[in-house]
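K.L.:
give me a 3D structure for the following:
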Amino acid sequence: MEPDKAFDRIFLQRRSVRAYEDRPIPPEIRDLVLSAALRAPTAGNLCLYTILEIEDPELKSRLSETCDHQSFIARAPWVLVFLADWARLQGYYRHHRVPEWCEERGEPFLRPQESDLMLAACDALIAAQSAASAAEALGLGTCYIGDILENGELHRELLGLPPYAFPITMLCLGWPTDQQRARPQPPRLPRDLVVHRDRYRSYGPADYDRVYAGEGWPEPRTDPPGDNPGRSLYARKFAAAYSLEMRRSVKALLEEWS
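P.N.:
Predicted coordinates for the structure are as follows:
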């Protein structure tokens with residue numbers, strides 16, 4: 001079955017966009033994108049997420065530095081931060097005097113744990129992807145920023161986050177430049193390496209030789225050094241300074257959460 005043009009453009013030809021035309025996104029477009037996000041699937045219909053619209057130019061500029069020094073963030077016409085949010089539900093419980101009710105019953109008032117964070121993180125990411133797909137259907141370009149997980153203490157302060165509000169991802173949106181529209185689409189892994197049937201299958205040497213291999217992948221690279229693709233990728237990504245900071249930051253946020 002051949003996909004129609006809209007499906008092909010939104011899903012099969014999608015690429016991240018980091019350069020935007022210098023023109024605003026009309027309020028009606030923003031409203032449609034946010035409406036799509038709010039209709040995303042959510043666990044138990046609890047809507048365990050919050051979306052922050054970042055409009056302050058100074059705040060966008062700060063985030064462009066704290067999120068691994070990516071200057072294009074400051075130039076993005078629209079920036080959204082998606083939070084895994086149990087703060088609202090905790091406030092709701094307190095509003096309805098649930099702690100007192102638990103005490104009357106001789107039971108502890110339960111607080112969110114790691115499993116609850118995972119559930120809320122799924123909610124936030126599903127909403128983010130619904131927003132991204134809606135934006136791209138309307139002609140916008142998008143780029144996810146996972147580096148919002150870095151500098152957790154500073155981001156908590158910058159964004160005024162209460163306890164149990166955890167930044168999961170950031171999304172930059174804008175009208176892509178002609179150059180971005182024409183940019184080659186980056187590769188993806190072969191389907192059989194990603195899609196397994198019924199059970200997880202083990203990978204063999206021939207499989208690993210096909211991972212991140214072929215035209216379009218950046219490995220191996222000489223800066224940082226690596227004399228084979230695996231060592232190059234490890235040095236460039238997993239052992240990089242931003243990855244070390246992300247691990248430190250997330251660990252600190254998790255300790256605060258629990």
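K.L.:
okay, CA-based contacts and neighbour counts for the rest of this
P.N.:
Will do.
K.L.:
which residues does Met246 contact?
P.N.:
Listed by CA atoms under 8 Å, 6 or more residues apart in numbering, the contact set of Met246 reads 147, 149-151.
K.L.:
which one of these is nearest Arg191?
P.N.:
Arg191 has its nearest neighbour among the contacts of Met246 in Asp147, at 27.2 Å by CA to CA.
K.L.:
identify the residue spatially nearest to Ala121, adjacent ones excluded.
P.N.:
Distances taken as CA to CA, 6 or more residues apart in numbering place Ala84 nearest to Ala121, at 4.9 Å, with adjacent residues excluded.
K.L.:
an error on my part: the question was meant for Glu245.
P.N.:
Glu150 (5.9 Å).
K.L.:
I figured the one you found hits Thr66, correct?
P.N.:
Yes: Glu150 is within contact range of Thr66, at 7.4 Å (criterion: CA atoms under 8 Å).
K.L.:
between the two, which one's more packed in?
P.N.:
Glu150 (22 against 18; other CA atoms under 10 Å).
K.L.:
roughly how far apart are the more buried one and His69?
P.N.:
11 Å (CA to CA, to the nearest Å).
K.L.:
next: Ala241.
P.N.:
12 Å.
K.L.:
where along the stretch 1-150 of the chain do the strands fall?
P.N.:
Here the stretch 1-150 of the chain has its strands, by DSSP state E, counting those that start in this stretch, at 49-54, 78-85, 141-145.
K.L.:
ok so, going back, so which of the contacts of Met246 is the closest to Val98?
P.N.:
Within the contacts of Met246, proximity to Val98 (CA to CA) peaks at Leu149, which comes in at 31.6 Å.
K.L.:
for Leu171, grab phi and psi.
P.N.:
Here is the backbone geometry of Leu171 (degrees, to the nearest 10): phi -130, psi 120.
K.L.:
show me where the stretch 51-200 of the chain has helices.
P.N.:
57-66, 72-75, 87-95, 98-104, 114-137, 152-159, 178-182, 191-194 (DSSP state H, counting those that start in this stretch).
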